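> Okay, structure incoming, though there's no sequence with it:
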Ligand SMILES: NC(=O)c1ccc[n+]([C@@H]2O[C@H](COP(=O)([O-])OP(=O)(O)OC[C@H]3O[C@@H](n4cnc5c(N)ncnc54)[C@H](OP(=O)(O)O)[C@@H]3O)[C@@H](O)[C@H]2O)c1
């Protein structure tokens, strides 16, 4: 898996055409890894854009994801993403969230689907068995998870025939998730880090008063100034050196090129890496409120903070 990928989630305000144009430009600039998902509603534009680059499918690493309302229609959902992306086979197919709870694109964080349910391991395993079949059928080379916790991964590792190859999780300097990071690495699961820059332009509905801003952190800014690069580049260099695969999103050529090019410069020093390790603020930005299943719940209930899966 290439060490950096291009994110493709336009956060409901960047059109599918704009994202597809960025994909084309990014591939021309040297990107070989795209992080896609059916719920981003742009795979049908990204597929033709990839094709127009003339870069062969086997030179690219393409991830797609099963959306929450498709947990019992895995084969159909995968085939739809393959058709939209103009591919015969994916490199990676992820279960996007471990909850089957649907929410429409652009809805408010208070929105709840009427049939929302907690994580039920037996149900998740039915979905996972279908994911395993996709590998058997040659529709994807690998399968993986996203937004999982140690508690849920332990159950999956116990019961899976094909273990997840990756776990895609929120990772940036202010949210380093050290225990989960160490757990996945120890279990041979590659960590992919989403929102690697701290998602500075995420929609208002995904912001809370306590959120912090990675690219304004004095430690990140000081390293960036010393190296003559943007703080975003420091976040990306830190991610790759730590051993996770960042998937920064950008539709601006200057930014997506800079995010790739920064990896060609000298690595951060041990002192830089230690300094960044010290600025973790446990600040989760993508809290997942829309996936809650009962009234009066807090988003923390999704994340098994005390090691127990809430029901
Ligand atoms: N598995 C999941 O549940 C999940 C959840 C969230 C995200 N993701 C994936 O992770 C990807 C990235 O996450 P994200 O989009 O939330 O956040 P992000 O990559 O941390 O931040 C993206 C924002 O940073 C700006 N940016 C990018 N490069 C920059 C640079 N060099 N200098 C200044 N600004 C820069 C971009 O704006 P410009 O366009 O203006 O450059 C964009 O708005 C998504 O696109 C998606 O593929 C997955």
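The structure has been received and is ready for your questions. What you are looking at is a predicted structure, and each value in this text was computed from that prediction instead of being measured.
> Quick check: the gap between residue 198 and residue 129.
The spacing between residue 198 and residue 129, counted by Cβ to Cβ, to the nearest Å, is 36 Å. Just so you know, the C-beta spots here come from the backbone N, C-alpha and C atoms, and that holds for glycine as well.
> Who has more neighbours out of these two?
Ranked by neighbour count (other Cβ atoms under 10 Å), residue 198 and residue 129 place residue 198 first, with 24 against 14.
> Help me confirm that the more buried one comes into contact with residue 172.
Yes: using Cβ atoms under 8 Å, residue 198 is in contact with residue 172, at 4.7 Å.
> Need the residues touching each of these two.
The contact sets of residue 198 and residue 172 overlap at 214, 235, 285 (Cβ atoms under 8 Å, 6 or more residues apart in numbering).
> so what's residue 176 closest to, chain neighbours aside?
residue 280 (4.2 Å; Cβ to Cβ, 6 or more residues apart in numbering).
> Check the secondary structure at the one you found for me.
Each residue gets one of three states, and residue 280 gets coil by DSSP: H, G, I helix; E, B strand; the rest coil.
> For it, give me its contacts.
So residue 280 contacts 173-176, 178 (Cβ under 8 Å, 6+ apart).
> are any of those buried, and which?
173-176 (16 or more other Cβ atoms under 10 Å).
> Now flag whichever of these is closest to residue 119.
residue 175 (21.0 Å; Cβ to Cβ).
> Against residue 308, how distant is residue 189?
22 Å.
> What strand or helix carries residue 62?
strand 61-66 (DSSP states H and E).
> ok, that strand near the ligand or not?
No: judged by Cβ under 6 Å from any ligand atom, strand 61-66 stays clear of the ligand, getting no closer than 6.5 Å.
> Contact partners for the closest residue to residue 132 other than its chain neighbours?
Using Cβ to Cβ, 6+ apart and skipping the chain neighbours, the partner closest in space to residue 132 is residue 162 (4.6 Å). By Cβ under 8 Å, 6+ apart, the residues touching residue 162 are 131-132, 135, 143.
> Then residue 265?
Residue 265 neighbours (Cβ under 8 Å, 6+ apart): 227, 229, 237.
> so the second one sits right up against residue 262, yeah?
Yes: with the criterion set as Cβ under 8 Å, residue 229 and residue 262 qualify as a contacting pair; they are 5.9 Å apart.
> wait, what's in contact with residue 144?
Per Cβ under 8 Å, 6+ apart, neighbours of residue 144: 92-95, 164-168, 189, 192.
> could you redo the last one with a cut-off of 10 Å?
63, 65, 92-95, 131, 162-168, 189-190, 192 (Cβ atoms under 10 Å, 6 or more residues apart in numbering).
> looking at the sheet around it, what are its partners?
On the basis of DSSP bridges, residue 144 is bridged to residue 94.
> Please tell me how far it sits from residue 302.
19 Å.
> Tell me, how many residues neighbour residue 115?
10.
> Please read the previous query as pertaining to residue 67.
20.
> How much space separates the nearest residue to it once chain neighbours are set aside from residue 101?
Of all residues not flanking residue 67 in the chain, residue 39 sits nearest, at 4.4 Å (Cβ to Cβ, 6+ apart). Noted for residue 39: a distance of 12 Å to residue 101, by Cβ to Cβ.
> what's the answer for residue 225, then?
In terms of Cβ to Cβ, residue 225 sits 43 Å off from residue 101.
> Out of these two, name the residue with the larger neighbour count.
Of the pair residue 225 and residue 101, residue 101 is the one with more neighbours under other Cβ under 10 Å, namely 23 against 11.
> Can you tell me the SS state at the more buried one?
coil.
> repeat for the one 10 residues further on
The local conformation at residue 111, judged by three-state DSSP, is coil.
> burial count for it?
13.
> State the mean pLDDT of stretch 220-227.
The average pLDDT within stretch 220-227 is 98.
> re earlier: did I read that right, the residue nearest to residue 132 in a helix?
No: counting by three-state DSSP, one finds residue 162 to be coil, located in no helix.
> gap between it and the ligand?
20 Å (Cβ to the nearest ligand atom, to the nearest Å).
> per-residue pLDDT, that residue?
98.
> Okay, and residue 141 sits in which element?
Here residue 141 is assigned to strand 140-146, by DSSP H and E.
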